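Novice: got a predicted model here, sequence first, then my questions.
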Amino acid sequence: MDLKAHIRAVPDFPKPGILFYDISTLLRDADAWQVAVTRMADVIRDYKPDYLAGMESRGFLFAAPLALKLGCGFTMLRKPGKLPGDVVGLDYTLEYRSDRIEAQADAVPPGARVVVVDDLLATGGTLSAGIRLLRQLGADVTAAVTLIELSFLSGRDLIDVPFASLLQYDS
Ligand SMILES: O=P(O)(O)OC[C@H]1O[C@H](OP(=O)(O)OP(=O)(O)O)[C@H](O)[C@@H]1O
Ligand SMILES: Nc1ncnc2[nH]cnc12
């Protein structure tokens, strides 16, 4: 199946000059979503994760079904103020804004093998922050995987673990 045929490119969203790769059209098609998850699972399985960490929010749409399929736990890396209990956070800077992500302090046990999952890699800021936050918790981050990679932004240069994407775009 050609998964790219299920992703809609929307010009000038959310601001002029940005070509937005919209996964809504893929999620609407049960077969396409299933194929995407199955192919991502085939990549992730080799890293033998104990847990998958999903980046809020679109990352959850892949990380959660992948965790069920692979039989591992799922933990959420969330935008600030969403998680109850003791949390650890990390501030990071993107191309034109700064942001913060948080995890529960007991999200994964020290030494756990964790693969970080998101829908899309652009500048790499979000995924790289997720990796650093998990390391603060003592996790062994073994890989990072996304459905989409915007190769022209070279975000993978920021990712210091093995990185794989299913679909690459050059513009
Ligand atoms: O590689 P980067 O430049 O960091 O960009 C990629 C991130 O941007 C999008 O999330 P967004 O912040 O738009 O949030 P959402 O998932 O809640 O839509 C996307 O889902 C990735 O998480
Ligand atoms: N161009 C883009 N399309 C969809 N999601 C994004 N997140 C960051 N850049 C994006």
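Specialist: The structure has been received and is ready for your questions. Ligands and ions are numbered 1, 2, ... in the order given.
Novice: touching ligand 1 at all, stretch 94-110?
Specialist: Yes: counting by Cβ under 6 Å from any ligand atom, ligand 1 is contacted by stretch 94-110 at residue 94. C-beta here means a position set from N, CA and C on the backbone, and glycine is covered the same way.
Novice: averaged pLDDT, that stretch. What do you get?
Specialist: Mean per-residue pLDDT for stretch 94-110: 90.
Novice: kindly export that stretch (C-alpha atoms) in CSV.
Specialist: C-alpha atoms of stretch 94-110 as CSV (Å, rounded to 0.1, in the frame of the first residue of the first chain):
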residue,chain,number,x,y,z
LEU,A,94,12.2,25.0,18.4
GLU,A,95,12.7,26.9,15.2
TYR,A,96,10.5,29.9,16.2
ARG,A,97,9.2,29.1,19.7
SER,A,98,10.0,27.4,22.9
ASP,A,99,8.1,24.6,24.5
ARG,A,100,8.1,22.2,27.4
ILE,A,101,7.3,18.5,27.8
GLU,A,102,6.7,16.5,31.0
ALA,A,103,6.7,12.9,32.1
GLN,A,104,5.6,11.3,35.4
ALA,A,105,8.6,10.8,37.6
ASP,A,106,7.9,7.1,37.8
ALA,A,107,7.0,6.8,34.1
VAL,A,108,9.5,4.0,33.5
PRO,A,109,11.8,2.1,35.8
PRO,A,110,15.5,3.0,35.6
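Novice: residues in contact with that stretch?
Specialist: Here stretch 94-110 makes contact (Cβ atoms under 8 Å, 6 or more residues apart in numbering) with 50-51, 53, 55-56, 73, 75-93, 114, 123, 125-126, 129-130, 133-134, 137-139.
Novice: which ones among those map onto helices?
Specialist: 125-126, 129-130, 133-134 (DSSP state H).
Novice: also near ligand 1: which of the residues you listed, exactly?
Specialist: Within the ones in helices among the contacts of stretch 94-110, those near ligand 1 by Cβ under 6 Å from any ligand atom are 125-126.
Novice: tabulate the ones in helices among the contacts of stretch 94-110 (JSON lines), appending distance to ligand 2.
Specialist: Converted to JSON lines, the ones in helices among the contacts of stretch 94-110 look like this (distance: Cβ to the nearest ligand atom, whole Å):
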{"residue": "125", "distance to ligand 2": "9"}
{"residue": "126", "distance to ligand 2": "8"}
{"residue": "129", "distance to ligand 2": "14"}
{"residue": "130", "distance to ligand 2": "14"}
{"residue": "133", "distance to ligand 2": "19"}
{"residue": "134", "distance to ligand 2": "20"}
